[in-house]
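1. this is a predicted model, with the sequence first.
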Amino acid sequence: MDIKYKPRDIIVESSEKKLLIQWGDGHTSVYPFGGLRKNCPCVFCQGGHHAMGKPMDPAKFLVDTSDRLKITNLTMSGNYAIQIQWSDGHNTGIYRFEYLRDGCPVEAGMVSPEN
Ligand SMILES: [Zn+2]
């Protein structure tokens, strides 16, 4: 797999409500929790099996989500994805690294880069 899809570091910034992923090519993606949840790739959130396989929509990160949703646990799913457990109990979303990187809201200009 291309190193741009290999995470070097994955950081849950609970106070900032952001997930940060630093990739093998040095790019850092910033995913505010609200948009990340709105882009949950599970069959329930996508609205059925026929709707699966869509790319991440970076525009969903523009919506301000000042709710209290947090990530309570994040685990590796094989070496190709992360599984996120949300504070409301939802945990069926498996976010593939290609899905995350290709939908990076920083590269799409929707979210400011970390510095
Ligand atoms: Zn879901």
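-> All right, it came through fine.

2. low-confidence ranges, this structure, go.
-> 64-66, 115 (pLDDT under 70).

3. if we go to 50?
-> For the chain, not a single residue meets the criterion pLDDT under 50.

4. which residue ranges of it form helices?
-> 33-38, 43-46, 97-102 (DSSP state H).

5. adding mean neighbour count as columns, could you present those helices in CSV?
-> Glycine gets a C-beta too; all of them are placed from N, C-alpha and C. Formatted as CSV, those follow (neighbours: other CB atoms under 10 Å):
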stretch, mean neighbour count
helix 33-38, 21
helix 43-46, 14
helix 97-102, 19
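
6. give the contact list for Ser87.
-> Arg68, Leu69, Lys70, Ile71, Thr72 (CB atoms under 8 Å, 6 or more residues apart in numbering).

7. the ion: which of those is nearest?
-> Leu69 (12.1 Å; CB to the ion).

8. touching, the closest one and Asp88? I think so.
-> Yes - using CB atoms under 8 Å, Leu69 is in contact with Asp88, at 6.5 Å.

9. which one of these two is surrounded by more residues?
-> Neighbours were counted for Leu69 and for Asp88 using other CB atoms under 10 Å; Leu69 has more, 16 against 12.

10. who's in contact with that one?
-> Leu69 makes contacts with Lys17, Phe33, Gly34, Arg37, Trp86, Ser87, Asp88, as judged by CB under 8 Å, 6+ apart.

11. can you give me the neighbour number for the closest residue to Ser14 other than its chain neighbours?
-> Among residues not flanking Ser14 along the chain, Lys70 sits closest, at 5.8 Å (CB to CB, 6 or more residues apart in numbering). Counted by other CB under 10 Å, the residues lying close to Lys70 total 14.

12. separation between Gly35 and the ion?
-> 13 Å (CB to the ion, to the nearest Å).

13. how about the contacts made by that residue?
-> Per CB under 8 Å, 6+ apart, neighbours of Gly35: Pro58, Lys60, Phe61, Leu62, Val63, Thr65, Pro105, Met110, Val111.
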